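Trainee: Next come a sequence and a model predicted from it.
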Amino acid sequence: MSEKFDAIVVGAGPAGNAAAIVMARAGMNVLLLERGEYPGSKNVMGAILYSNALEKIIPDFRESAPLERHIVEQRVWMLSEKGHVGGSFRSDEFNVEKPDRYAIIRVAFDRWFSNKAKEAGALLICDTVAKSLLQDDQGRVIGVKTDREGGDIYADVVVLADGVNSMLARQAGFRAELDPANTALVAKEMHFLPPDVIQSRFNIGEKDGVAIEMVGSLTKGKIGMGFLYTNKESIALGIGCMVGDFQEGGLTPYGLIDDLKAHPSIKPLLAGSEVKEYSAHLIPEGGYKAVPKIFGDGWVLVGDSAGLVNSIHREGSNMAMTSGRLAAETIRTLKAEGKPFSAANLSAYRKALDETYVIKDLKKYEGMPGFLHGNRQIFSLYPELMAGAAATMLKVDGVDKKTKEREIFKTFRQSRGLFGLLGDAIKFARAFR
Amino acid sequence: MHVIVCIKQVPDSAQIRVHPVTNTIMRQGVPTIINPYDLFALEEALKLKDRFGAKVTVITMGPPMADQALRKALTFGCDDAILLSDRVFAGADTLATSYALASAIAKIGETQPFDLVFCGKQTIDGDTAQVGPGIAKRLGLNQLTYVWKIESLDINAREIVVQRRAEGGVQTLKTALPALITMLEDTNEIRFGTMDDAFRAARTELTLWNAAAAGVTDPSKCGLKGSPTQVKKVFAPPPRAVKATQIKGDSPAANAEHVIDALFSAHPGMQDDLRARTTQNP
Amino acid sequence: MTEQAKPASSRAKQDEALLAYKGVWVSIELERGHVHPVSWELIGKGRQLADTLGVPLSGILLAPPDAPIQETVADAHAYGADTVYVMADPILAEYRTQPYAKGMVDLIKKYQPEILLIGATTLGRDLASAVATDMETGLTADCTELDIDLSTRSMAATRPTFGGTLLCTIHTLKARPQMATVRPRVMPMPEHQQGRTGETIMAKLEIAEDDIITKVLSFIPDRDQDTAQLAFADYIVAGGRGLGKLENFQLLRDLADVLGAEIGCTRPIVQAGGMTIDHQIGQTGKTIRPKLYIAAGISGAIQHRVGVEGADCIIAINADPNAPIFDFAHYGIVGDALTILPALTDAFRRRLAAGQAGR
C-alpha cells in the first residue's frame, strides 16, 4: 500500500527544512525525505548563517540553534604569491543581542533545523533517495519514486530541495545539466584548534568570530575564491574554482587547498591544527541567467536546485531558506483555498520571490558571471599588481612617495595598458551596478 | 519466536584523533554509528524473522542520543526498540553493562519470552568481546560465541545447531534454547529496509527505560559504581626516544645498499640466516 | 549510602577479603594435543608479575585425560610456573563454555589467586568473560602491557583504546582475581629452563556430562595450508596504502621471495580485497615478532604500531618524512616505495647470492 501525503519535500537542507516547517505548521501532512543517513551528512558549506532569513521562520532560533560564533570582523583579502592586500571591517556594532551572521557547522545545524520540522509535525525519513518524480499522463507531478522496495510515495505537491545537482529536476527536464563554466567546486577542510588558541590568534572572545574571504593567486589565474571562518574549536578553510577549470586539467581541488594552507598569510593562522574533515561540494554560480522555471504542475524548485545563489556575496543558504519559506507559503495558501497545485497557481511563488532580495540581488549581479569570465586578470594579474603596489608604497626605503607612485602606475600600465586599466574599471563598475 | 538483539552506538573510531597540542581526545564532530559488528547480529536476527516470522526486539544501553542507532535498526526491519538510558548507567565497564542489559532482557522476558539473544562479536570502541558472554552468564543462557552460521533451529524441540569459529578449525555445536549468540563479522550483509520499514521506523515510539523500568534491582551494580575496572590513565603512546635512522642516499639503489649495510652490521647473524632460508626454498 | 560513608569496619573487611587472594595464575590452553604458545608467553609475563609481588606463579590446565598433560605440566614448570593446577576429565575433551568455566571458577574460589591471565584466543575470550562475570570481577582485554603498582599491590593493565589511537591503563582495585587477556605474540617467549621443577595439584571437575546442555557435534580443522603464518614468521615484508594500486604489491612479493619472507598488509588493503585477512597486521590483525620487518607505504598509526613493535628490526619506507612510522622504526628511507622496493630486491638478491658463489 503506497502512502499519500499533502506534500513531499525532497532534501532536508536549509530550503527543505524551511518549506517543511512552514507547511507542517499549517497542519499539512508533510513527508521530508533525506538521502543522507541524517540531515547534514551530505551537506557541505563554509558555513555562514544569515540570521535574517532564519528569523522569518524561527524568530527565536538563537535560543536553541547550534551556533558556533557570531561574526564581528570581516576581512577581504586579495592574495598574491607571497602575501595579501586587503581590508577588514570590525565593529562592536556586531556584538548586538541579535547578530546577523554566525559561523555554523552544517551537520549540527541541519540536525537542529530538521528536528524543528519534526516538532512542527513533518515526518522525516532519512537514508532514502528520491530517484525520480512520479507523473501522470499530463505530466503533472504526483509523487516520488524512492530507492527502497515499495518506495512509490504520492503527494499533491512535491518540493524539490535536493540541491545543486538535483537529480529529480534534471531527470524530469525541469533544469538543464550543470554548466561546468558556471558551477563551482569547492574543497573544504576543518582544522581543529583549542578555542583559546583561536581566540588569541584572531583576537576574539569566546562567542565572536572572524570571516575572511579571499581572491587572487590562490586560484592560479582561474575564477574562484577562498574563505576562512572561525568556529568554536575549529577553523573552516575552503577554496573553489569552476568545475570547467578543474576539467581542463592541471588543477585539483585538493591541490588548491594544499597550496592555500601553505600560503604565508594562511599558514600561521592554522599552525598546530589537526585536520579532521575533508569535503567538497558544488555551488551554482550562473546567477540570474541560470535560474530555470521554478514551478510547474505539482512541483516547485527551491534553494540550490533552483540555482538561487549569489556567489559574489556568497549567499546561498539564506536564499534557500527564503525560497523554501515562500514556496511553502504559496502552497499553504492554495491548500487553504482548496485550489489545485497547477503551474498557474504556483506561479505566485515566483512572484513572491521576485519581490525579495533573492531575485533582486541576482538580477543586480546578472552580468557578473560574464564579467568574471571575460576578465580573468582580476584573479591573475591584479593580485600581483596590488601586492606589488602595496609593498612599494609601504616600504620605507628612502625613495620619495611621488616616485613610488609613478613606479606603481608604470607597472600597472605596462601590465594592462592604459585602455586596459580604464576598461577594467568601467566594466567592473558596470557589473556591480 | 522472539529474538532480542543488543546493539551499541559508538563513535566512528576511525575519525578519533588525539589533539597534537593538548593530548586530549578530539571527539568533535565525530559521527556516531551502530557498532559495525552489531549489524551482523541484526541481519542474522532479521533472517529468523524472514524464516520463522520471529519478532525482533533491538535494545541498547546508552545516552539519550543512542535513539538514533535504534531508529536506524528499526529501518532494517526490527519490530521494537528499547533504549536503556539512565545516569546511573554512565561510566559502566563490561561487567556493569552486562548487568544492566541482562536485567532489561530478563524484564522483557517477563511479558514476552524470548528464544535467542544476539550480540555482535565486540565493539570498535571497547573491543573486549565481554558483554555478550557476560549477559549469557547472568541469565543462564547457553553461550555460543564466534558463531559463523546457524545450521538449524528446531523451535519445537527448542534446539539450535551452529557452526562456531574455534582455534584452528570450525566447531559444530548443538545446544538448547534460550541461547546467546555472538556473531562473527562478514557472515552476512545487512539488508536495506523497505519503504514500509522506513515509515514504521519513523513513526515508532521508542520505549525508554530507566534503571527501575529495566528491572535493575541493585543500582550499585550499574555504571561507574558497578565497574570493578577503573581507567587510571589515558595517554598517547610515548614517542620512542630514538627515532628511525634516516638512510639518505642519492638514489634508490644507494639507499638500498646503505640500509642493508646498516642492517647486517647491526644484526651480524642475519645475512647467513637469510642465505640459509633462501637456499632451502629456491 | 554513598561510598565514602561506608563504615570503616566494612571497608576494612572488604580489604581483608581481598588480601586473602594471593598468587598469579596463567591459563594454559591445551587443545588437540598442542599448547597454544600464548600460554607460555603469559607464563613468562606472569613470572615477572609474581616476582614483583613476591608470590607464587601457577598454571591452570583443564584438559581431557588423554591429552599430553604430564608433558605440558613439565613445560609449564620449565617456563617458570611454581605450581600447576590440573583438572583432567573427558568432559573437557572439546572446549565448551560451561564445563571450562565451572572448572576454572571452582579452582579460583578454592585457591583464590589475585591475578589470572588468559590468552586472547577464541577459546580464551569466550572463557574469560564467563569466568569474570561469575566472579563479578574486572577483566581487561587485549592488554599490551602488564605491570604491578606496588603502592596498591594491584595490576596495571595497559591496552589500546579509541580504535587504537590512545592507550589506557586499567586497574581492578576492589575485586579479585584481577583478570586480563593478552593476544598471542605480544609478550615474549620466556626461557625454557630444562630441569626446573614444581608442584602439581590435581583437582576434580564437579560437573556431569548430563548437566551440560551444549554438545559438540564435530570439529573440522582448517585445511587451508596457505594461510599466512605471520604470527610466527621471522621475516615479514608488508605494504600499505602508500603503495597505491593493488598491482604494485607485486613489488612487495618480489622482495619477499628474495628474503623468503611472509607478506603482510594493513587493514585498508584487506578491506579493498588486496589480501585476505590472515595477512592483516596491526591491532585488529596479527601481532608479529619477526627478526626483520620491512614496511612500505605504511604510515605507522598506533593501530599498526601495537602490532609490530616487537620486531627486532623495522625498516620503514614512506614518501612522507613526517609519517609516524619513523618514530618507532629502526631505519627509515624517505622516498617512493615503488622505486625503493625494487632497489632493495636487487640489492638483497646480490648480497645473499654473493656468499654462495665461490664458497
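Mentor: Ah, there it is.
Trainee: Burial check on residue 161, number of neighbours?
Mentor: All of this is about chain A. Close neighbours of A:Ala161, defined as other CB atoms under 10 Å in any protein chain shown, add up to 33. Where you see a C-beta, it was placed from the backbone N, CA and C, and this is true even at glycine.
Trainee: actually it's chain C I care about, not the one you picked
Mentor: For C:Thr161, the neighbour count with other CB under 10 Å is 20.
Trainee: try A:Ala262
Mentor: Neighbour count for A:Ala262, taken as other CB under 10 Å: 10.
Trainee: for it, phi and psi?
Mentor: Note on A:Ala262: its backbone torsions stand at phi -90, psi -10 [degrees, to the nearest 10].
Trainee: wouldn't C:Pro177 be in contact with C:Glu114 here?
Mentor: Yes. Using CB atoms under 8 Å, C:Pro177 is in contact with C:Glu114, at 5.7 Å.
Trainee: Spit out the residues that contact these two alike.
Mentor: Listed as contacting both C:Pro177 and C:Glu114 by CB atoms under 8 Å, 6 or more residues apart in numbering or on different chains are C:Tyr21.
Trainee: any weak-confidence spans in chain A?
Mentor: For chain A, residues meeting the criterion pLDDT under 70 lie at A:1, A:429-433.
Trainee: Got the domain ranges for chain A?
Mentor: Per automatic domain parsing, the structural domains of chain A span A:4-66+A:105-175+A:289-355, A:180-284, A:370-432.
Trainee: just checking, which of those domains sits deepest inside the structure?
Mentor: Each of these was scored by mean neighbour count; the highest is domain A:4-66+A:105-175+A:289-355, a mean of 21, by mean count of other CB atoms under 10 Å in any protein chain shown.
Trainee: Please name the residues that touch the closest residue to B:Leu144 other than its chain neighbours.
Mentor: Nearest residue to B:Leu144, sequence neighbours excluded (CB to CB, 6 or more residues apart in numbering or on different chains): B:Ile181, at 4.9 Å. Residues in contact with B:Ile181 (CB under 8 Å, 6+ apart) are B:Ala41, B:Glu44, B:Leu116, B:Val117, B:Phe118, B:Cys119, B:Leu144, B:Thr145, B:Val147, B:Ile150, B:Val162.
Trainee: Check A:Phe227 too.
Mentor: Residues near A:Phe227 by CB under 8 Å, 6+ apart: A:Gly46, A:Ala211, A:Ile212, A:Glu213, A:Met214, A:Ala236, A:Leu237, A:Gly238, A:Ile239, A:Arg314.
Trainee: Sort out which of those are in helices and list them.
Mentor: Within those, no residue falls in helices by DSSP state H.
Trainee: Show me which of these is closest to chain B.
Mentor: Nearest to chain B among those, counting by CB to the nearest CB, is A:Ala236 at 11.3 Å.
Trainee: which residue sits closest to that closest one, ignoring its sequence neighbours?
Mentor: The spatial neighbour of A:Ala236 that comes closest, neighbours along the chain excluded (CB to CB, 6+ apart), is A:Tyr229 at 4.5 Å.
Trainee: count of neighbours near C:Ile294?
Mentor: Residues lying near C:Ile294 (other CB under 10 Å) number 33.
Trainee: hmm, I was thinking of C:Ser151
Mentor: Using other CB under 10 Å, C:Ser151 is surrounded by 6 other residues.
Trainee: Contacts only, for it.
Mentor: Listed by CB under 8 Å, 6+ apart, the contact set of C:Ser151 is empty.
Trainee: Which stretches in chain A count as helices?
Mentor: With DSSP H applied, chain A shows helices at A:14-25, A:51-55, A:106-120, A:167-172, A:195-202, A:243-248, A:253-262, A:267-270, A:317-336, A:343-354, A:357-364, A:368-374, A:377-394, A:401-432, listed in chain order.
Trainee: typed the wrong thing, it's the stretch 151-300 of chain C
Mentor: Using DSSP state H, counting those that start in this stretch, the helices of the stretch 151-300 of chain C run over C:249-259, C:267-271.
Trainee: Which one of the ones you listed has the poorest average confidence?
Mentor: Among these, helix C:267-271 carries the lowest mean pLDDT, a mean of 85.
Trainee: Do any residues in that one lie close to chain B?
Mentor: No. Judged by CB under 8 Å from any CB of the partner chain, helix C:267-271 makes no contact with chain B; its nearest approach is 9.8 Å.
Trainee: Okay, buried residues for that helix please.
Mentor: The neighbour-count criterion (16 or more other CB atoms under 10 Å in any protein chain shown) identifies C:Arg267, C:Ile269, C:Val270 as the buried residues of helix C:267-271.
Trainee: And those, which is closest to chain A?
Mentor: Nearest to chain A, judged by CB to the nearest CB, of the buried residues of helix C:267-271 is C:Arg267 at 19.7 Å.
Trainee: My read is that that closest one contacts C:Gln280, right?
Mentor: Yes. Using CB under 8 Å, C:Arg267 is in contact with C:Gln280, at 5.7 Å.
Trainee: Mind checking the helices of chain A for the one nearest to chain C?
Mentor: Here helix A:253-262 is closest among the helices of chain A (CB to the nearest CB), at 13.1 Å.
Trainee: From the contact counts, what lies against that closest one?
Mentor: If contacts are counted by 3 or more CB pairs under 8 Å, 6 or more residues apart in numbering or on different chains; DSSP states H and E, helix A:253-262 sits against strand A:183-192, strand A:234-242.
Trainee: roughly how far out does the shortest one sit from the chain middle?
Mentor: Looking back up the chat, that one is strand A:234-242. On the basis of CA atoms, centre = their mean, to the nearest Å, strand A:234-242 sits 12 Å off its chain's mean C-alpha point.
Trainee: Any stretches of chain B with poor pLDDT?
Mentor: Confidence mapping of chain B against pLDDT under 70 gives the ranges B:13-30, B:239-241, B:280-282.
Trainee: can you list the domains in it?
Mentor: If you go by automatic domain parsing, chain B breaks into B:2-221, B:240-282.
Trainee: now chain C
Mentor: The record's domain split for chain C, according to automatic domain parsing, is C:17-211, C:223-352.
Trainee: hey, least reliable of the ones you listed by pLDDT?
Mentor: Of all those, the minimum mean pLDDT falls on domain C:223-352 (a mean of 87).
Trainee: quick one: it near chain A?
Mentor: No. Applying CB under 8 Å from any CB, one finds domain C:223-352 separated from chain A by no less than 13.1 Å.
Trainee: wait, what's in contact with B:Thr145?
Mentor: Going by CB under 8 Å, 6+ apart, B:Thr145 touches B:Lys121, B:Ala129, B:Gly132, B:Pro133, B:Arg164, B:Ile181, B:Thr182, C:Thr97, C:Thr122, C:Arg125, C:Asp126.
Trainee: actually A:Gly226, not the one I wrote
Mentor: For A:Gly226, the contacting residues are A:Leu79, A:Glu213, A:Met214, A:Val215, A:Leu218, A:Thr219, A:Leu237, A:Gly238, A:Ile239, A:Gly240, A:Leu260, by CB under 8 Å, 6+ apart.
Trainee: Across the sheet, point out what pairs with it.
Mentor: Beta-bridge pairing of A:Gly226 under DSSP bridges involves A:Met214, A:Ile239.
Trainee: is any part of stretch A:132-141 close to chain B?
Mentor: No. Judged by CB under 8 Å from any CB, stretch A:132-141 stays clear of chain B, getting no closer than 13.2 Å.
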